[in-house]
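Enquirer: sequence plus predicted model, see below.
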Amino acid sequence: MNSSENEYKQIQLLDILPNQVLAFDVYIFLPANNKYVKYINENDTMDEDQIQRLKFKKINELFIHKFDIDKYNRYVSSNIRALLDTDNQQKRQEAIKSAAELIINSVDILSSDGDIIEWNNNCIELTKTVIDDIVKTEDIGIAYDKISEYLSGSPSLASHSLIVSSLGVIFAMSLGNTAPRTLTEISFGGLVHDIGLGDIPTQVAEKYLTKDEMTLVEVALLKEHPRKGINILQKIIRSKNITDNVLKIVFEHHENVCGKGYPQGLAYDDLSYLPKIISIADKVSFEMLDIDKEDISLKYIILKIIREQESKGYGKELLDKRMLKALLESLSHGRTK
């Protein structure tokens, strides 16, 4: 890119909502000409046809001037509040997913303490919305169907994070945890559990989400994302809502009960309670991607995971088998509480 690249900040095409007045100029980068070209003027809108044309051309990244970051963050925050403010259930499901995508994709361009506070508030607002949807749905099967609607054909960090957050709430409630603080922590922790993926090479993160084969170097880079997630939350996003339990979820969600996980190789007795729930939710989220039949139940997935663990034998378990069996029992009764 040219010498002016530091003047621009990248945003995602999905951050732009159709027919919404923009408070900033939007640019596209033309590699052939090595230059940024204005695509939409401030105070103009981008309609659905324009968005679809960019998608067709596989242009998923747009750019704004760095001095417009504050305007952009206000735009994102306003969109999140507007998206969640609807009584239509189908639109609400779409709004929750879109809000998650907007939040996740705004992380790397936050520029001030005010932006960080707004981002964190948006995370809390979204997680409370997810919790509210699930708590009001006593039947686990229906709650699972709702979560399935969050999953797009090709997984993204946002959709995966939202699914893990939602499943985490269901699992916590199924295990008898109904305290609002606990549910908020596990929902927030689930939403940001993979935030460190944004600080490793994009191709590695994509391979992880699509479960593609990795080189040894790529695996080593992947194993850094829990530590990088902690650094982002502690050094950049600092907030009273980022509790010790949220940090433990981010740091320990790839540990496992046999002690062969990462980044520390903790074993069963050293693992914290909430991260073990999110580890199960993380596994279930990926299992959901592998299932073609839409009518496959959450109970089927949990049972499949239990049988796979038992086939590996003692000392090779990845997930807490007591939790898995307790979840299976709760699922058999079909209720979260």
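Expert: Alright, I've got the coordinates. The model shown is predicted, which means the values in this text are computed figures rather than measured ones. Numbering: from 1, shown residues only.
Enquirer: assign the residue in the chain sticking out farthest from the centre to helix, strand or coil.
Expert: What lies farthest from the middle of the chain is residue 33; by CA atoms, centre = their mean that is 34.9 Å. Look at residue 33: counting by DSSP: H, G, I helix; E, B strand; the rest coil, its state is coil.
Enquirer: phi first, then psi, for it.
Expert: phi -100, psi -10 (degrees, to the nearest 10).
Enquirer: distance of it from residue 10?
Expert: With distances taken as CB to CB, to the nearest Å, residue 33 is found 18 Å from residue 10. The C-beta positions use only the backbone N, C-alpha and C, and glycine is treated the same way.
Enquirer: cool, and residue 58?
Expert: In terms of CB to CB, residue 58 sits 15 Å off from residue 10.
Enquirer: equivalent analysis for residue 248, please.
Expert: Relative to residue 10, and taking CB to CB, residue 248 is found at 31 Å.
Enquirer: more neighbours: which of these two?
Expert: Neighbour comparison, residue 248 and residue 10: the larger count goes to residue 248, with 20 against 14 (by other CB atoms under 10 Å).
Enquirer: what residues are up against the more buried one?
Expert: 189, 272, 274-275 (CB atoms under 8 Å, 6 or more residues apart in numbering).
Enquirer: rerun at 7 Å
Expert: 272, 274-275 (CB atoms under 7 Å, 6 or more residues apart in numbering).
Enquirer: just checking, residue 24 touches residue 42?
Expert: Yes: if you go by CB atoms under 7 Å, residue 24 and residue 42 touch, sitting 5.6 Å apart.
Enquirer: more neighbours: those two, which one.
Expert: Between residue 24 and residue 42, counted using other CB under 10 Å, the more crowded position is residue 24 (20 against 15).
Enquirer: quick one: pLDDT of the nearest residue to residue 218 once chain neighbours are set aside?
Expert: Nearest residue to residue 218 in three dimensions, chain neighbours excluded: residue 204, at 4.9 Å (CB to CB, 6 or more residues apart in numbering). Residue 204 is assigned a predicted lDDT (pLDDT) of 91.
Enquirer: what's the burial count for residue 204?
Expert: 21.
Enquirer: make sure it is indeed in a helix.
Expert: Yes: judged by three-state DSSP, residue 204 forms part of a helix.
Enquirer: now for it: which residues touch it?
Expert: Counting by CB under 7 Å, 6+ apart, residue 204 makes contact with 218, 221-222.
Enquirer: at 8 Å instead, please
Expert: By CB under 8 Å, 6+ apart, the contact list for residue 204 reads 214, 218, 221-222.
Enquirer: how about those residues in a markdown table, adding distance to residue 173 and neighbour count?
Expert: Listed next are the contacts of residue 204 as a markdown table, based on distance: CB to CB, whole Å; neighbours: other CB atoms under 10 Å:
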| residue | distance to residue 173 | neighbour count |
| --- | --- | --- |
| 214 | 35 | 15 |
| 218 | 36 | 18 |
| 221 | 35 | 18 |
| 222 | 31 | 20 |
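Enquirer: which of these fall in strands?
Expert: If you go by DSSP state E, the contacts of residue 204 have nothing in strands.
Enquirer: which two among those are spaced furthest apart?
Expert: 214 and 221 (8.7 Å; CB to CB).
Enquirer: for the nearest residue to residue 66 once chain neighbours are set aside, list each beta-bridge partner.
Expert: Nearest residue to residue 66 in three dimensions, chain neighbours excluded: residue 9, at 5.2 Å (CB to CB, 6+ apart). Assessed by DSSP bridges, residue 9 has beta-bridge partners residue 64.
Enquirer: same thing with residue 30?
Expert: Applying DSSP bridges to residue 30, the residues it is bridged with are residue 35.
Enquirer: what's the neighbour count on it?
Expert: With neighbours defined by other CB under 10 Å, the count for residue 30 comes to 11.
Enquirer: I'd say it and residue 37 touch.
Expert: Yes: shown here, residue 30 and residue 37 form a contact pair, counting by CB atoms under 8 Å, at 5.8 Å.
Enquirer: any weak-confidence spans in the protein?
Expert: 1-5, 105, 107-113, 138-155, 238, 291-296, 333-337 (pLDDT under 70).
Enquirer: fine, thanks again, bye for now.
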